[in-house]
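Student: here is a sequence together with a model predicted from it:
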Amino acid sequence: MAECRLALSPADEERLRLLLLKEILAQPAQRIAAVWPLAGEVDLRPLCHAVSETGRQVLLPETTPKGSPLVFRRWTPACPMIAGRFGTSHPEGEIEVPDLVLVPFLAFDRFGYRLGYGGGYYDRTLAALDVPAIGFGFAGQQVDSVPTGPYDVPLKTIVTERGIIRADLPKPL
């Protein structure tokens, strides 16, 4: 799936960001948790700037010790970024609680389940926050079924470069 992401064009990535911005702006949320990209990930930095320009706050995660939910810090275009765990970066900004969380993935299925990087950070975070979440990635990352466990939290909305997927079906047993 990581290779699939690398094969997509800058135009695909831009279309994904535009659709994601449209979906964010359709929400009442004012504090949007995004992500700063790791190598090979969708680059949401242009999206962060666009969201900030609308007057909404952008929050970025600080990767906490394993087993804990993420902490989100306020980002502005001028704030310095600090190196975090696992090659991540986060702003120096104040800790805030998001109204909406953007969730990256390696793979997803039509039921809204996602395969992350194995740390369980987003599942713990979504369970602790109980706020809407939007998954984002490329259409080629969709698989028939993602293995799930008792703590996996399905996403109701997934945005790809091909459109918005509403995943409100129950997963068959």
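Tutor: Ah, there it is.

Student: quick one: contacts of stretch 76-88?
Tutor: 36, 38-39, 48-49, 52, 58, 61-64, 89-93 (C-beta atoms under 8 Å, 6 or more residues apart in numbering). Where you see a C-beta, it was placed from the backbone N, CA and C, and this is true even at glycine.

Student: drop anything exposed from those residues.
Tutor: By neighbour count, with 16 or more other C-beta atoms under 10 Å, the contacts of stretch 76-88 hold W36, C48, S52, V58, P61, E62, T63, T64, S89, H90, P91, G93 as buried.

Student: what about the most centrally placed residue in the chain, distance to V97?
Tutor: Centroid-nearest residue in the chain, with C-alpha atoms, centre = their mean: V103, separated by 2.1 Å. The spacing between V103 and V97, counted by C-beta to C-beta, to the nearest Å, is 16 Å.

Student: check what pLDDT R17 gets.
Tutor: Per-residue confidence for R17 comes out at a pLDDT of 96.

Student: going by neighbour count, list what's buried in the helix or strand in which it is found.
Tutor: Using DSSP states H and E, R17 falls within helix 10-25. Neighbour counts over helix 10-25 (16+ other C-beta under 10 Å) mark D12, E13, R15, L16, R17, L19, L20, L21, E23, I24 as buried.

Student: I figured the fourth one was touching I164, is that so?
Tutor: Same thing as L16. No - the criterion here is C-beta atoms under 8 Å, and L16 misses it with I164 at 10.7 Å.

Student: disregarding residues adjacent in the polypeptide, which is nearest to Y151?
Tutor: D123 (5.2 Å; C-beta to C-beta, 6 or more residues apart in numbering).

Student: am I right that the one you found sits in a helix?
Tutor: Yes - under DSSP: H, G, I helix; E, B strand; the rest coil, D123 falls within a helix.

Student: list the contacts for W75?
Tutor: W75 neighbours (C-beta under 8 Å, 6+ apart): A34, C48, S52, V58, L59, L60, P91, G93.
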